[in-house]
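Undergrad: quick one, what's the 3D model for this:
(one chain, ligands or ions: 2)
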Amino acid sequence: MRRVGMFGGAFDPPHRAHVALAQAAVQQLALDLLYVVPTGNAWHKARTLSPAEDRLAMARLAFAEVPAVQVDERELRRSGPSYSVDTLRELQAAHPGAQLHLLMGEDQAAGFTSWHAWEEIARLAVLCVVARGSGEGLARLRALPGVRMEVLQWTAMPESATDIRARLQAGQEAAGLVGTAVASYIESHHLYKNT
Ligand SMILES: Nc1ncnc2c1ncn2[C@@H]1O[C@H](COP(=O)(O)OP(=O)(O)OP(=O)(O)O)[C@@H](O)[C@H]1O
Ligand SMILES: O=C(O)c1ccc[n+]([C@@H]2O[C@H](COP(=O)([O-])O)[C@@H](O)[C@H]2O)c1
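TA: Ligands and ions are numbered 1, 2, ... in the order given. Purely as a prediction, here's the structure:
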């Protein structure tokens, strides 16, 4: 059976923890293919995201080193809110018989029941989570009926896109947090000067 993953995020910007999560998932879940899916219209976030083309270009640079990753534009092209359930339905149709795996950090796991059609997501995919916080989010997800969950082996990583944007705005270095290719892109496109 083919094993297909989906890893969605704003990736504004993508950072080392995102890449490490993708690497861990490909290895530990033996994924044949991992779709990295930048969010189009993040209905659940209060702030306006950076332009889609910049987040897409940075995701391509950041994840280039991870085997099996395909950066996927579908949520950027879709109109209306980006619902993961729509993407998973499309992936299931594209890969009949494959087992889908949805990757997320614990902060997303904690709020999973606020996701659109979360019960259907739980039927479509195994939820594959890494720790990011107290462990409460993992416990909450584990307690949900009908959820299939795998916790990946993971050493906590402190990177957060919010912090990275703040550092860049303050004129500080971020190459160690995002990698040199993404750092060069950010600099040459003058991103995160006024966020
Ligand atoms: N340091 C981290 N450790 C574990 N998971 C992470 C980490 N950073 C991001 N993730 C996970 O990656 C996915 C995409 O995250 P996202 O693009 O929102 O990054 P972020 O750093 O959380 O951004 P922001 O600070 O803008 O909310 C989410 O499932 C999130 O939980
Ligand atoms: O489908 C939903 O309702 C939904 C609600 C919250 C988050 N998500 C997805 O979870 C992924 C990570 O979200 P974020 O906010 O950490 O970038 C991203 O692909 C979002 O589209 C999806």
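Undergrad: chain center to the helix or strand Glu187 falls within, what's the gap?
TA: Glu187 is located in helix 180-188, with elements delineated by DSSP states H and E. Per Cα atoms, centre = their mean, to the nearest Å, the displacement of helix 180-188 from the mean C-alpha position of its chain is 20 Å.
Undergrad: what's that helix in contact with?
TA: With contact meaning Cβ atoms under 8 Å, 6 or more residues apart in numbering, helix 180-188 is reached by 13-15, 54, 57-58, 61-62, 64, 168, 174-175, 178, 191-192. Yep, even glycine has a C-beta here, placed from its N, CA and C like the rest.
Undergrad: next one: the residue of the chain positioned farthest from its centre from ligand 2, what distance?
TA: Distance from the centre of the chain peaks at Gly171, with 26.1 Å (Cα atoms, centre = their mean). Gly171 sits 25 Å away from ligand 2, going by Cβ to the nearest ligand atom, to the nearest Å.
Undergrad: same thing with Gln27?
TA: The value you get for Gln27 to ligand 2, if Cβ to the nearest ligand atom is used, is 21 Å.
Undergrad: near that residue, how many other residues are there?
TA: Residues near Gln27, counting by other Cβ atoms under 10 Å, number 14.
Undergrad: buried ones in stretch 94-110?
TA: Residues 95, 98-106, 108-110 are the ones in stretch 94-110 that count as buried (16 or more other Cβ atoms under 10 Å).
Undergrad: can you narrow these to ones near ligand 1?
TA: Restricting the buried residues of stretch 94-110 to those within reach of ligand 1 (Cβ under 6 Å from any ligand atom) leaves Met104, Gly105, Gln108.
Undergrad: I'm done for today, thanks for sticking with me.
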